[in-house]
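K.L.:
predicted model and sequence follow; I will ask about them next.
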2 protein chains.
Amino acid sequence: MNDEDQILQANEAFYRAFSARDMTAMDAVWAKRAPVACIHPGWGALVTRESVMTSWQGILSSQNAPNVTCRGPRAFVSGDAAFVICFEMVEGGYLIATNIFTREDGAWRMTHHQAGPTNDAPPEEKPAPAKTSKTIH
Amino acid sequence: MNDEDQILQANEAFYRAFSARDMTAMDAVWAKRAPVACIHPGWGALVTRESVMTSWQGILSSQNAPNVTCRGPRAFVSGDAAFVICFEMVEGGYLIATNIFTREDGAWRMTHHQAGPTNDAPPEEKPAPAKTSKTIH
């Protein structure tokens, strides 16, 4: 599996942990040694691993935790660093997210997540362009 | 100068180019070979260098371009990859941004920028906590 596929798989593991409310899996997604940070939608920045994990514990254990699924992820790789841009489908609308990964102990692990509003949508959700007729009468 | 200082300097060069409406300086900030992307506030993702630079040309040449200054930047470094989280003061309010950098030809160059709304503010803008009096009468 090439780097891009591995990174997209790590990105998918993040959203799977989120959907499953699985704190153990969420913890495993994040880097252990590289510095980590997180900006939840509308929040300020959490800048220690402890504060990032505490935030996820709160979110994943909340009865109001939204269902989030990842759409249209794209990976950008440069050496041992990478980021993924993707849409997050949340309650029928979309956010857009940047997820940063680093290679640690041979695995791609998340070092940062920022999600925020977007007026865009994944390609598969956009209405198809109107067909133009080129028939000649 | 250590990596963190160099990265913060590269981050500052981005905001200086933005404020000065200097497209040549803006172009110099961004990576030449590593893949780049950009998510302007509320936009979808621009995922080629050409589309990112075209967007900056549009923004920097617009009469409505906002004045943006960087506040409270913090750098997170891991090998040849790094990101900065900072506030952007825009017309009296704040956005929060993630800027990703990679080491290219010995210099730190930007590979991604995402900015979005926040309910937080830089530490220096927050009201000081009320002083508690511990004098004993």
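P.N.:
All right, it came through fine.
K.L.:
what residues does stretch A:92-99 touch?
P.N.:
A:11, A:14, A:41, A:71, A:83-88, A:110, A:112-118, A:120-122, A:125, B:39, B:44-45, B:98, B:100, B:112, B:114 (C-beta atoms under 8 Å, 6 or more residues apart in numbering or on different chains). Quick note: C-beta positions are derived from backbone N, CA and C, even for glycine.
K.L.:
surely A:Lys57 is in contact with A:Met23?
P.N.:
I think there's a mix-up here, since residue A:57 is Gln and not Lys. Yes - at 5.9 Å, A:Gln57 counts as touching A:Met23 under the criterion of C-beta atoms under 8 Å.
K.L.:
ok, and for stretch A:21-32, which residues are buried?
P.N.:
A:26, A:29-31 (16 or more other C-beta atoms under 10 Å in any protein chain shown).
K.L.:
swap in stretch A:55-63?
P.N.:
A:56, A:59-60.
K.L.:
what comes into contact with it?
P.N.:
A:18, A:21-23, A:26-27, A:38, A:40, A:46, A:65.
K.L.:
do stretch A:68-77 as well
P.N.:
By C-beta under 8 Å, 6+ apart, stretch A:68-77 touches A:3-4, A:7-8, A:11-12, A:14-15, A:18-19, A:82-90, A:94, A:122-125, B:34-37, B:45, B:47, B:111-112.
K.L.:
of the buried residues of stretch A:55-63, closest to B:Asp105?
P.N.:
B:Asp105 lies nearest to A:Trp56 out of the buried residues of stretch A:55-63, by C-beta to C-beta, at 37.5 Å.
K.L.:
how about the helices in chain A?
P.N.:
Taking DSSP state H as the test, the helices found in chain A are A:3-20, A:23-29, A:49-61.
K.L.:
any chance you could map the strands in chain A?
P.N.:
Along chain A, counting by DSSP state E, strands occupy A:37-39, A:68-78, A:81-90, A:93-104, A:107-117.
K.L.:
take these and write them to a markdown table, including mean pLDDT.
P.N.:
Shown next, in a markdown table, are the strands of chain A (pLDDT from 0 to 100):
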| stretch | mean pLDDT |
| --- | --- |
| strand A:37-39 | 98 |
| strand A:68-78 | 96 |
| strand A:81-90 | 96 |
| strand A:93-104 | 97 |
| strand A:107-117 | 97 |
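K.L.:
output these as CSV; include the columns mean neighbour count.
P.N.:
Shown next, in CSV, are those (neighbours: other C-beta atoms under 10 Å in any protein chain shown):
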stretch, mean neighbour count
strand A:37-39, 24
strand A:68-78, 18
strand A:81-90, 23
strand A:93-104, 23
strand A:107-117, 23
